[in-house]
Each structure stands twice: as structure tokens, then as C-alpha cells.
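Enquirer: here are the coordinates; sequence isn't available:
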């Protein structure tokens, strides 16, 4: 089947659109943007800032999520590529500006996130006591 394309934003230089590709086994949704120079496409890249740029469905369930920013695999403080099976995360691959992070880097980021959560909980408890 031919992919369906839905335009989201279009101006002289940038064309931001959603491309849906169907197959017998899956449905793939991609958020892409083209940069034009002199009326011709210069680059095509995946891009969606806070939401997944690539979503793959299989059997009406999400099986893969990919986060891309300006054509690079990237996500702040979370996995960039997530694979799911039966609505449970099976694999997580962490990228920062298209560079895969090592296990040590991932663990240090997770520790920082846990510390932030603990601090936020403490602040919320203090506010609740003061009120």
C-alpha cells in the first residue's frame, strides 16, 4: 500500500508532515520534516520534540517507540528507542544527540532522576505540613 501523508505545517522552507505506512504485519507512523532550498528538498528528517517521532503498531498494539529531534535519536533523561511486548517494556536503548549511551552513563542518569524525585516528594510533604 502507498503511505498516506498528512501535512501539519508548511511554509517556504519547511514542510512538517505525518506519514503513515501500512503493511500486513504492522502500521508505522512517522513525523517528518523536509527542508527546502531553491524549491528542492535538501534534507528529510524525523522530528517530534516531546512525543515519539516513530510509532510502530502490530496487532493493534504499540510495539516500538522512537524519539527523534532534528534528525537525531535524542531524548532527555529517558530511553530514545523503546520496544514493547504485551504492553510491557522489553528493551530500552538510550541516545543523546544520536550517540548511544553506555550502561554506566544510563545508570548515572537514572540515579539523578531518582534523586530529583525524592527531593520533589520531600518538598511536597513539607508544603502539605505547612498548609
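Expert: Cool, the structure landed. The shown structure was predicted, so the numbers you read here are calculated from the model rather than taken from an experiment.
Enquirer: Residue 104 should be in a strand, yeah?
Expert: No. Using DSSP: H, G, I helix; E, B strand; the rest coil, the secondary structure at residue 104 is helix, not a strand.
Enquirer: Count the residues that sit near it.
Expert: Per other Cβ atoms under 10 Å, the neighbour tally for residue 104 reads 8. Every residue, glycine included, has its C-beta placed from N, CA and C.
Enquirer: quick check: longest strand of the chain.
Expert: Identified as the longest strand of the chain according to DSSP state E is strand 27-37.
Enquirer: elements contacting the helix or strand following it?
Expert: Counting by DSSP states H and E, the element after strand 27-37 in chain order, helix or strand, is strand 40-46. Helices and strands touching strand 40-46, by 3 or more Cβ pairs under 8 Å, 6 or more residues apart in numbering; DSSP states H and E, are strand 27-37.
Enquirer: Could you tell me the angle between the strand it packs on and strand 40-46?
Expert: In terms of direction (axes from the mean of the first three to the mean of the last three Cα atoms, to 10 degrees), strand 27-37 departs from strand 40-46 by 140 degrees.
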